[in-house]
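S.K.: Any chance you could fold what I've pasted below:
(2 chains)
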Amino acid sequence: MSKSIEAIDLNVYYGDFLAVEGVNVKIEPRTVVAFIGPSGCGKTTFLRTMNRMHEVLPGATVKGQLLLDQENIYGSAVDPVRVRSKVGMVFQRPNPFPTMTIRDNVLAGFKLNGVRMGRKQADEIVERSLKGANLWNEVKDRLEKPGSGLSGGQQQRLCIARTIAVQPEVILMDEPCSALDPISTLAVEDLIGELKEHFTIVIVTHNMQQASRVSDKTAFFNIAGTGKPGKLIEFDYTDKIFSNPTEKATEDYITGRFG
Amino acid sequence: MTTTSVDEIIPSKSSLTAGQLPRWTPLAVGGGALAVSALVMLLIGFNLPGWIVIAWLLFVPSMFVATRAVEGHQAGVDRLWTVLVYSAFALALLPLVSIVVEVLTQGLPGVVDPGFFTNTMQYATSLTDQQAVEAGTDIKGGILHAIVGSLLVTLAATVISVPVGLLTSIYLVEYGRDGWLSRAIVFFVDVMTGIPSIVAGLFGAALLLTLVGPQDNLMGFTAACALSVLMIPVVVRSTTEMLRVVPNELREASYALGVRKSLTILKVVIPTAISGIASGVTLAIARVIGETAPILVTAGVATRLNANLFSDWMMTLPVFIYRQLQNPTAPAAPGPSLERAWGAALVLIVIVMVLNLASRMIARAFAPKKTGR
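M.R.: Below you'll find the model as predicted:
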């Protein structure tokens, strides 16, 4: 159920402004890829093109190809809604639905789409997803309580549970730990290690230790200056990026000489 | 003016509270100001407003001077503005309190009349009113027909306005994206907000005139159409605000789960905003239930119960009040009519208050759950 992603000459625009230029990258199934780079370099923008969330913003467009197992998700007849059901996303700030209970939040992908299912099947999905997100033991006695009553770290894992409940092929994570404390961050990082067995994971992070801890491969994005487009500078195995990068800019960034 | 005992002025032991006026200073200064003002009043003849105004004019500068002398310039200015802000608050409250007191005292005798809520004006004639005044018999006649009319007309106006208003604001917030159409809608909604209510009434009457012809157009439904012209802009404005404050993160979370935009709006955005929408709608209802002019030219007046919105004239509470005051049932003995008018006014205010309370309760019942940690 896990799929590869390949970007071919991908340009991302906000209106007329070219935000990310000429990205070519191939992400293998069942791997964790981390995007690092300074703020404003287009990591998140590129991430959001991978499940067509980018175009939700007014005037935002994409040119080029993005292949999900050889199928171009930017093909003319492709319905973005179907893409998004295959490519899930976890956001920077935990965003459980405030009107729903913990249980309903996990089932949101089904309930919002009007999928009917039996009580037993629903219970199974809730338990499997919450266990998958390492949250089951903490919330199993209060599934009918509101999701917004959980702590920040628990809310973020609830959002992960909600994402894996619909069984996507790929999970995109946009700085999923930036609003969390170190303990919750550890819980989410451990979880990423486990999720890797079933999903392709792409994670944007500002924390280079996190990138080196969780990812198999790392992509370094950089920007030449304000108003210039962001570019993919280097994409390689994480060990190599952090020990012996090919590009000078990558080395400068990871050693803290800039950015 | 202020009489502070010596041991209060001595700085108390804590260095943090040293050099401050004691907490009862405003009471003491206020009492002093009232006393001096009373003396002035004795000299020129007593009247209540004068007493309070002169006391206030004394109170404001003496509080400023006293605080400035003891606590310094900044504390003095702070105290001056505090006093002014509280005074403005009291002044703003004055009309509300006086209305409530007046309507309660004038309206209660009417409300307790036997049959006030269960009778219409069908059998109340100038004869029965005159008898009530001369022979002291019970005042006949009630407001049942007006209550039923008010509720039905307002309900129909709500049924028309809420879907139109809600869908308009969904278009504005979710689809319009600040294009020329949405800017035009916002502009015309703003214009509609300022339409005089009598114009809305004439619009309703004219609209139904073209649809069903003269005379037939005067009915409860016409009044509901006229009221919805007044209601729609209020509903649009309040629901637009409520939909705007729904965090974009929730929409994106829903999209990322593979949920369509229409379903996202229906099942995420509206439920999150429903408490605000509900209270906005209730306030819009409270706003139109007291309208008189548009109903006078659309639903007309009636003395008997008419529960059919689609035929014949219909009475509502505001029109009932107006009629009873302007054309008393017994012109020679207007007392009973006055009593009924005030009673109806009290009932109208109570209905509006109940609606306001209901909107708060609805807002609380639907509010996103925050507890359960």
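S.K.: ok, and the closest non-adjacent residue to the residue of the stretch 1-150 of chain A found nearest chain B?
M.R.: Closest approach of the stretch 1-150 of chain A to chain B (Cβ to the nearest Cβ) occurs at A:Ser85, with a separation of 2.8 Å. C-beta here means a position set from N, CA and C on the backbone, and glycine is covered the same way. Leaving aside its chain neighbours, A:Ser85 sits nearest to B:Gly258 (2.8 Å; criterion: Cβ to Cβ, 6 or more residues apart in numbering or on different chains).
S.K.: what residues are up against that neighbour?
M.R.: B:Gly258 makes contacts with A:Val81, A:Arg82, A:Arg84, A:Ser85, A:Lys86, A:Gly109, A:Asn113, A:Val166, as judged by Cβ atoms under 8 Å, 6 or more residues apart in numbering or on different chains.
S.K.: coming back round to it: quick check: the residue of the stretch 1-150 of chain A closest to chain B vs A:Lys196, distance?
M.R.: To A:Lys196, A:Ser85 is 21 Å away according to Cβ to Cβ, to the nearest Å.
S.K.: With B:Asn306 instead?
M.R.: Distance from B:Asn306 to A:Lys196, by Cβ to Cβ: 73 Å.
S.K.: residue ranges with poor pLDDT in the stretch 51-200 of chain A?
M.R.: Low-confidence segments of the stretch 51-200 of chain A, defined by pLDDT under 70: none present.
S.K.: How about the residues of it by chain B?
M.R.: Within the stretch 51-200 of chain A, the positions lying close to chain B (Cβ under 8 Å from any Cβ of the partner chain) are A:51, A:53, A:56, A:58, A:81-82, A:84-86, A:88-89, A:91, A:93, A:95, A:97-99, A:101, A:108-109, A:111-114, A:142, A:145-146, A:148-151, A:159, A:162-163, A:166.
S.K.: so for stretch B:188-204, what's the average pLDDT?
M.R.: Taken as a whole, stretch B:188-204 carries a mean pLDDT of 92.
S.K.: Not counting its own residues, what contacts that stretch?
M.R.: B:168, B:222-227, B:229-230, B:232-234, B:236-237, B:291, B:293-298.
S.K.: if you look at those residues, which of them are in helices?
M.R.: Within those, residues falling in helices by DSSP state H are B:168, B:222-227, B:229-230, B:232-234, B:236-237, B:293-296.
S.K.: from the residues you listed, which would you call buried?
M.R.: B:168, B:222-227, B:229-230, B:232-234, B:236-237, B:293-296 (16 or more other Cβ atoms under 10 Å in any protein chain shown).
S.K.: Let me know the distance separating A:Gly59 from A:Leu47.
M.R.: 19 Å.
S.K.: more neighbours, those two?
M.R.: A:Leu47 (20 against 11; other Cβ atoms under 10 Å in any protein chain shown).
S.K.: Quick one: name whatever helix or strand follows the helix or strand harbouring the more buried one.
M.R.: Taking DSSP states H and E as the criterion, A:Leu47 maps to helix A:43-49. Next in sequence after helix A:43-49, counting helices and strands by DSSP H and E, comes strand A:60-68.
S.K.: so what secondary structure elements neighbour that following strand?
M.R.: strand A:5-14 (3 or more Cβ pairs under 8 Å, 6 or more residues apart in numbering or on different chains; DSSP states H and E).
S.K.: Tell me the strands beside whichever helix or strand comes after the strand it packs on, with direction?
M.R.: On the C-terminal side of strand A:5-14, the nearest following helix or strand under DSSP H and E is strand A:17-27. Paired strands of strand A:17-27, with direction, are strand A:5-14 (antiparallel), strand A:230-237 (parallel) (DSSP bridges).
S.K.: Done for today, thanks.
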